[in-house]
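Novice: Provide a 3D model corresponding to the input given below.
(one chain, ligands or ions: 1)
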Amino acid sequence: MQLCVIGAGYVGLVTACCFAEMGNRVVCVERDPVRLARLARGDVPIYEPGLEALLRAHLASGQLSFSASMGEGVRNAAIAFIAVGTPTGEDGSADLSHVLAVADELGEALQQPCLVVDKSTVPVGTAERVGQRINRRLASRSMSFRVRIASNPEFLKEGSAVEDFMRPDRVILGCDDGQSTEQLRRLYAPFLRNHERVLCMGVRAAEFTKYAANAFLATRISFMNEMAGLCARLDVDIEDVRRGIGSDKRIGTHFIYAGCGYGGSCFPKDVRALIRSAELEGFEPGILRAVEARNALQKTLLFQSVREHFNGLLQGRIVAVWGLAFKPGTDDLREAPSLVLLDALLAAGAKVQACDPVACNGMQGRYAEALESGQLQLTESPYSATESADALVLVTEWKQFRQPDFARIRGLMRMPVIFDGRNIYDATELAGLGFLYRGIGRPL
Ligand code: UGA
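Specialist: Okay, the predicted model is just below:
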């Protein structure tokens, strides 16, 4: 099939590469000239396992190409996917300016009928608005055809995006007409040997499902974080509780890990956008508000623990921080708990020695001053980060940090105390090695 993917961000780029892998001819439209030039050279601007290999293979095979021009992108396309960003707007709602601008450009560029599919996460009713906008332009250009619209939200996770796209748990096809459903079913057939995993519904239901899925996952995390807070006060280990409840099939083992809060480009923004949608409908989203408030609080916990440990005196202390990305497997720092910790530590006068396998490049802008003055140092080795440190804080559970040589670290640190923001270490083992251990929701 001839496809156009508009936007070469996480979702767009993965979508374009994976559709090309399945034998479709894909043109990906990207506005940013720098990004475009890098991609055309086969250079992926984000860290995502497996993506660069796909990109290079399909640039070479000619199945995939990039263009700055919408006209070129949609020429002969049977389906155009909109995969541009929907960041948080000033009032918390999803900012649709990029999506609507794409709709206008499509209305100007299209020369033939086409199915326009929203892959971006957008509030209920957006696909309809997009369709109306495109068709108005087509009418004013005296074109005789109109576009159909559909919603096909994306559920990939950063760090395993290619794998998630190639082997999805489910594909949601939100279409209000049979022809669009059939067209998308055919496109996705090679990804889904088990056809029960294709879920068809109306456009609005598909749009809502995406928000509900992310809000539900965020709710599970905030719920567990709240339980962890209570556990800590009742001398109970949240890790026992997690295993205890996770074994109930109705609850399940995923997304019930207490920690230092969720981050990333999706959960925070989508929870906020859903709250705003509810407000606009005059509906009180009490649970969603609590989820967000708990998460904001959770992100401050590591700093609070460190500060308490040093009786509020952090000036001149050296703190090692392991992990900056919002989760392992990505270089994405958006809404990362590490940033809340770093801001607070630096403001309190501590010196920070931070290590992350891939996310250090993103620190330059926000922390230019601290990096310049040396108050913040980025190290390649986790061990160098702990040299002369008064405390070690684990923020992101990269594999590299899971089983370090603690005896070596004990020798490097000035004071052996570990704050474990993801509960990945064994308190007893660490105590045996002479460390003081502080987890999230674990007995002291
Ligand atoms: C999330 C969803 O998991 C995807 O299904 C969805 O497609 C995507 O958003 C999106 O809307 O595009 P992602 O943001 O890549 O994916 O990351 P997750 O793996 O969901 O992790 C989100 C955050 O939750 C991370 O900060 C992680 O550390 C935290 N988390 C996750 C916990 O604190 N506890 C857990 O048990 C699980």
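Novice: Quick check: residue 192 touching residue 186?
Specialist: No: the criterion here is Cβ atoms under 8 Å, and residue 192 misses it with residue 186 at 11.3 Å. The C-beta positions use only the backbone N, C-alpha and C, and glycine is treated the same way.
Novice: Any residues of the stretch 1-150 of the chain in contact with the ligand? List them.
Specialist: Residues of the stretch 1-150 of the chain that fall close to the ligand, judged by Cβ under 6 Å from any ligand atom: residue 121.
Novice: about what we covered before: more neighbours: residue 192 and residue 186, which one.
Specialist: Neighbours around residue 192 and residue 186, counted as other Cβ atoms under 10 Å, are more numerous at residue 192. The numbers are 15 against 11.
Novice: how far away is the closest residue to residue 259 other than its chain neighbours from residue 391?
Specialist: Spatially, and ignoring its direct neighbours in sequence, residue 259 is nearest to residue 422 (4.9 Å; Cβ to Cβ, 6 or more residues apart in numbering). For residue 422, the distance to residue 391 equals 16 Å [Cβ to Cβ, to the nearest Å].
Novice: ok, those two, which is more surrounded?
Specialist: Under the neighbour definition other Cβ under 10 Å, residue 422 and residue 391 were set side by side, and residue 391 has more, 26 against 23.
Novice: And that one, its phi and psi?
Specialist: The phi/psi pair for residue 391 (degrees, to the nearest 10) reads phi -160, psi 150.
Novice: Tell me if I'm right that it and residue 417 touch.
Specialist: Yes: Residue 391 is within contact range of residue 417, at 4.9 Å (criterion: Cβ under 8 Å).
Novice: Overlap of the contact sets of those two?
Specialist: Common neighbours of residue 391 and residue 417, using Cβ atoms under 8 Å, 6 or more residues apart in numbering, are residue 309.
Novice: and residue 224, how far is that from the ligand?
Specialist: When distances are taken as Cβ to the nearest ligand atom, to the nearest Å, residue 224 and the ligand turn out to be 7 Å apart.
Novice: Please point out which parts of the helix or strand that residue falls within sit buried.
Specialist: Assigning secondary structure by DSSP states H and E places residue 224 in helix 203-234. Residues of helix 203-234 classed as buried under the neighbour-count rule (16 or more other Cβ atoms under 10 Å) are 203-204, 206-211, 213-215, 217-229, 231-232.
Novice: Which helix or strand lies directly C-terminal to that helix?
Specialist: Scanning the chain past helix 203-234 towards its C-terminal end, the next helix or strand to appear is helix 238-246 (assignment: DSSP H and E).
Novice: and the angle from the helix or strand that that following helix is followed by to helix 203-234?
Specialist: Of the helices and strands lying after helix 238-246 in sequence (DSSP H and E), the nearest is helix 267-280. Here helix 267-280 points in a direction 110 degrees away from that of helix 203-234 (axes from the mean of the first three to the mean of the last three Cα atoms, to 10 degrees).
Novice: May I see the buried residues of helix 267-280?
Specialist: By neighbour count on 16+ other Cβ under 10 Å, the buried set for helix 267-280 is 267-277.
Novice: ok, and of those residues, which contact the ligand?
Specialist: residue 267.
Novice: quick one: which of the buried residues of helix 267-280 is nearest to residue 302?
Specialist: Distance to residue 302, by Cβ to Cβ, is smallest for residue 268 among the buried residues of helix 267-280, at 17.4 Å.
Novice: Now the closest one: closest residue in space, sequence neighbours ignored.
Specialist: If you skip the residues right next to it in sequence, residue 268 has residue 335 as its closest partner in space, 4.6 Å away by Cβ to Cβ, 6+ apart.
Novice: On the three-state scheme, that neighbour is what?
Specialist: coil (DSSP: H, G, I helix; E, B strand; the rest coil).
Novice: packing partners for the helix holding residue 224?
Specialist: Helices and strands in packing contact with helix 203-234 are listed as helix 126-140, strand 148-151, strand 171-175, helix 238-246, helix 267-280, helix 286-298; criterion 3 or more Cβ pairs under 8 Å, 6 or more residues apart in numbering; DSSP states H and E.
Novice: Turn these into JSON lines, columns for mean pLDDT.
Specialist: Compiled in JSON lines, these are given as follows (pLDDT from 0 to 100):
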{"stretch": "helix 126-140", "mean pLDDT": "97"}
{"stretch": "strand 148-151", "mean pLDDT": "98"}
{"stretch": "strand 171-175", "mean pLDDT": "97"}
{"stretch": "helix 238-246", "mean pLDDT": "98"}
{"stretch": "helix 267-280", "mean pLDDT": "97"}
{"stretch": "helix 286-298", "mean pLDDT": "98"}
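Novice: Now do the strands in the stretch 301-444 of the chain.
Specialist: Listed in chain order, the strands of the stretch 301-444 of the chain (DSSP state E, counting those that start in this stretch) span 318-322, 351-355, 376-379, 391-394, 417-420, 436-438.
Novice: With mean pLDDT and distance to residue 164 as extra columns, can I get the ones you listed in a markdown table?
Specialist: Supplementary listing: those in a markdown table, determined by pLDDT from 0 to 100; distance: least, Cβ to Cβ, whole Å:
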| stretch | mean pLDDT | distance to residue 164 |
| --- | --- | --- |
| strand 318-322 | 98 | 26 |
| strand 351-355 | 98 | 27 |
| strand 376-379 | 98 | 30 |
| strand 391-394 | 98 | 26 |
| strand 417-420 | 98 | 28 |
| strand 436-438 | 97 | 34 |
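Novice: Now tabulate the ones you listed in a markdown table and tack on distance to the ligand.
Specialist: Written out in a markdown table, the entries for the strands of the stretch 301-444 of the chain read as follows (distance: least, Cβ to the nearest ligand atom, whole Å):
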| stretch | distance to the ligand |
| --- | --- |
| strand 318-322 | 14 |
| strand 351-355 | 17 |
| strand 376-379 | 20 |
| strand 391-394 | 12 |
| strand 417-420 | 13 |
| strand 436-438 | 17 |
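Novice: can you list those in JSON lines and add distance to residue 31?
Specialist: Written out in JSON lines, the entries for those read as follows (distance: least, Cβ to Cβ, whole Å):
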{"stretch": "strand 318-322", "distance to residue 31": "35"}
{"stretch": "strand 351-355", "distance to residue 31": "33"}
{"stretch": "strand 376-379", "distance to residue 31": "31"}
{"stretch": "strand 391-394", "distance to residue 31": "39"}
{"stretch": "strand 417-420", "distance to residue 31": "42"}
{"stretch": "strand 436-438", "distance to residue 31": "46"}
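Novice: Quick one: mean pLDDT over the helix holding residue 224.
Specialist: Taken as a whole, helix 203-234 has an average pLDDT of 98.
Novice: between that helix and helix 126-140, what angle do the directions make?
Specialist: With the same axes, to 10 degrees defining the directions, helix 203-234 sits at 150 degrees from helix 126-140.
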